[in-house]
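>>> Using only what follows, build the 3D model:
(2 chains)
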Amino acid sequence: MSLTYILIFIVLALIPGKWLKGSGRQSFLLVLSVLALYWLQPALPIRGLDFYLPTFTLGLVILSWRLVTPTEQVPWRSQWRTLGILFVIPLLLAATRYLPWSLPLTASLPPPPLYALFLLLLLFAITIGVARWRQGLLFGIGLLLLFFVILKTPALTRLLAQALRELMAQDVSRATAADIRWLGFSFIAFRLIHTLRDRQMGRLPQASLAEYVTYVLFFPALTAGPIDRLERFLQDLRRPFNLQSADVLEASTRLSLGLLKKFVLADTLVLIALNDLNAWELRSSLWSWGVLYAYSWQIYWDFSGYTDIAIGLGRLFGIRLPENFNRPYQMPNLTQFWNNWHMTLTQWFRAYLFNPLTRSLRRRGLAATWIILLTQLSTMLLIGLWHGVTWNFALWGIWHGVGLFVHNRWSEWVRPRWQIAPRWQPWLNTAGAVLNFHYVTLGWVFFALSSPQAVWRVFSVLFGGAG
Amino acid sequence: MRSLLLFLSLFAVLLVSCAGQASPSAPSGDLPARAAEQYITALVEKNADRLSALSCAAWETDALMELDSFQAVQTRVEGLQCRTVSTEGDTSVVQCQGKIIATYGNEDQSLDLSLRSYQVVKQGSDYLVCGYR
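Take a look at the predicted model:
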């Protein structure tokens, strides 16, 4: 999200806060979130794809809502107004292709409205068909996971890009994985899987289509999270909201902090931070550590800055998005680091992978040590692979999985043997934080670089090798 | 109904505000000329993704090579206006007025667009630049 987008959203936030109440505010948020889905999608080299991908997102959200809503509610009749909005927005956007000037609401010239209508009707027909199927929920989760695997595996994404280029009669030889950049798909999929899974478990609150779409596509959290939960989001959305000076003060504080972190600190550090190019030019150990520290703080300020901006914007619209970072680099050990870094992602993985896997392994009577090793390693490996199915992300996940396991075992071993006097605790925490920061920072080497060879070279230079 | 009205007025406001950004452009019905203008704008903005989408398959590599040649300089376009001068089957020839200014340091170099004729091809519902003479 660029500064321009953020400033426009801040101005737009004043409309519902001051003049719209109740359903007017909800409709405003719905319309703005759907428009933002198209508006924030970057231009793509495959013709029309920057319009079709947001439309697919809409289709996926409608499908998921239908799957999480009990059939006996006869949902469509009561949701015609929302459905109308969800159909009309893409059609109106497609119609802008005939305007004599270029409209910045879509990244490039949209396809003709007839194509858009055909796609929308097709997606709607699929929704109706899948909803009748008894295994619909499972199908929904499987479909999202399949998209995840394709989009996160560069070789598969490239194959898809080739197929789409072929379909659009474009140069197939130029296909790359970067041809398909689906705005916000990861965070949208996390929210959808959360609702589908909770519906399977029978613990999902009921939401109207408008509420559900607004929850999944809420634009401040579209590109970088946080991953809110439906039941929490609904509380804020349904509560009457009148923008008060306290809201403005808190929002502006978070926005200022976020802008400072992202656009001043992170964007300055990125000039020297570790990357694929400078990794091969590092000669001195001291400078290498400097470059690595720069990356460590750059990634933190970049990500937590975006979160601050999302929380600040959300506050202006009356939505209190959950916190995502809580001074993670000050934590004395790796377990606490992961409880305070990208918190909503780790909570998601804990709820939908770590805990069910732990319960399943316990039922099989596996020893506690093995359960801890397997669950921590697999959770962190999957978090790594979520960033991309590459060796380096896998190694980064394993680095953290092993670190968490070692910390867990060490804590268990030392607790009954070593009683620490309270006055020493702050010193121990400080030493732990320094040690933990360096473990995490060394882990960033895997994350920042794209090949194991480059990682090996940087590690060699860091520890005094010739490189 | 209220929300629909709200939505339509929001959309109208966006359209009107965007209309203010309209640059001098081809006559509204002249779609090949409009495609050429969008192509030149993408080139000047160094937007490789948009340039790819606006080029035909055979021309995509050349278009991106031309974009690469502008990478080291700052570019802007002045007085851009295109019109179709001839059409034969699905292929149109478009001529443009205006110039691309490439700035390196303090030195401006201008590229007269009227010296070129753009070949624009209709492919499905799209008009794509497929080279120039």
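
>>> And the helices in the stretch 51-200 of chain A?
In the stretch 51-200 of chain A, the segments counted as helices under DSSP state H, counting those that start in this stretch are A:75-78, A:80-95, A:113-131, A:136-152, A:154-167, A:185-200.

>>> what's the answer for chain B, then?
Assigned by DSSP state H, chain B shows helices spanning B:2-19, B:31-44, B:48-53, B:60-69.

>>> Could I get the average pLDDT for the first one?
For helix B:2-19, the mean per-residue pLDDT is 50.

>>> I'd like the helices of the stretch 51-200 of chain A written out as CSV, with distance to residue A:351 added.
No exception for glycine: its C-beta is placed from N, CA and C like everyone else's. Conversion of these to CSV gives the following (distance: least, CB to CB, whole Å):
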stretch, distance to residue A:351
helix A:75-78, 26
helix A:80-95, 28
helix A:113-131, 25
helix A:136-152, 14
helix A:154-167, 27
helix A:185-200, 8
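
>>> With respect to chain B, which of those helices lies nearest?
When these are ranked by proximity to chain B, the top entry is helix A:80-95, at 6.1 Å, counting by CB to the nearest CB.

>>> hang on, the earlier thing: most neighbours per residue, which of the helices of the stretch 51-200 of chain A?
The densest packing among the helices of the stretch 51-200 of chain A, expressed as mean neighbour count by mean count of other CB atoms under 10 Å in any protein chain shown, is seen in helix A:185-200 with a mean of 21.

>>> list the helices and strands it packs on?
With contacts taken as 3 or more CB pairs under 8 Å, 6 or more residues apart in numbering or on different chains; DSSP states H and E, helix A:185-200 sits against helix A:49-68, helix A:136-152, helix A:209-217, helix A:230-238, helix A:343-349.

>>> so can I have a markdown table of these showing distance to residue A:2?
Rendered in a markdown table, the data for the helices and strands packed on helix A:185-200 read as follows (distance: least, CB to CB, whole Å):
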| stretch | distance to residue A:2 |
| --- | --- |
| helix A:49-68 | 16 |
| helix A:136-152 | 23 |
| helix A:209-217 | 19 |
| helix A:230-238 | 25 |
| helix A:343-349 | 23 |
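
>>> Pull the residues that contact stretch A:424-434.
By CB atoms under 8 Å, 6 or more residues apart in numbering or on different chains, the residues outside stretch A:424-434 that reach it are A:329-333, A:420.

>>> any low-confidence regions in chain B?
Within chain B, the segments meeting pLDDT under 70 span B:1-28.

>>> Looking at chain A, which helix is longest?
Among the elements of chain A assigned as helix by DSSP H, the one spanning the most residues is helix A:285-316.

>>> For stretch A:223-231, output the C-alpha coordinates as CSV.
Presented in CSV, the C-alpha positions along stretch A:223-231 are these (Å, rounded to 0.1, in the frame of the first residue of the first chain):
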residue,chain,number,x,y,z
THR,A,223,-2.4,-6.9,2.0
ALA,A,224,-0.4,-7.6,5.2
GLY,A,225,-2.9,-8.7,7.9
PRO,A,226,-3.5,-9.0,10.7
ILE,A,227,-5.7,-12.1,10.5
ASP,A,228,-8.7,-11.2,12.6
ARG,A,229,-11.3,-13.8,13.7
LEU,A,230,-14.9,-13.5,12.4
GLU,A,231,-16.6,-13.5,15.8
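
>>> Show me which residues of that stretch are buried.
Counting neighbours by 16 or more other CB atoms under 10 Å in any protein chain shown, one finds that the buried residues in stretch A:223-231 are A:223-230.

>>> hmm, who's touching that stretch?
Residues external to stretch A:223-231 that are found in contact with it (CB under 8 Å, 6+ apart): A:1, A:40, A:183-184, A:187, A:190-191, A:194-195, A:198, A:204-205, A:207, A:212, A:215, A:218, A:221, A:303, A:306-307, A:310-311, A:321-324, A:342-345, A:347-348.

>>> I figured residue B:51 was touching residue B:65, is that so?
No: counting by CB atoms under 8 Å, residue B:65 is not a contact partner of residue B:51; they are 10.7 Å apart.

>>> Tell me which residue is most central in chain A.
Against the mean C-alpha coordinate of chain A, by CA atoms, centre = their mean, the closest residue is residue A:187 at 3.5 Å.

>>> right, and it touches residue A:219 too?
No: at 11.3 Å, residue A:187 and residue A:219 do not qualify as touching, with contact defined as CB under 8 Å.

>>> Taking the centroid of chain B, which residue is nearest it?
When chain B is reduced to its mean C-alpha position, the nearest residue by CA atoms, centre = their mean turns out to be residue B:38, at 1.6 Å.

>>> Could you tell me which residues of chain A lie near chain B?
Proximity of chain A to chain B (CB under 8 Å from any CB of the partner chain) is limited to residues A:20, A:23-24, A:27-28, A:30-32, A:35, A:42-48, A:81, A:84-85, A:88-89, A:92, A:96, A:99-105, A:107-109, A:111-112, A:115, A:169-171, A:174.

>>> Just the buried ones out of those residues, please.
Members of those that pass the buried threshold by neighbour count (16+ other CB under 10 Å) are listed as A:20, A:27-28, A:30-32, A:35, A:43-48, A:81, A:85, A:88-89, A:92, A:96, A:101-103, A:105, A:107-109, A:111-112, A:115, A:170-171, A:174.
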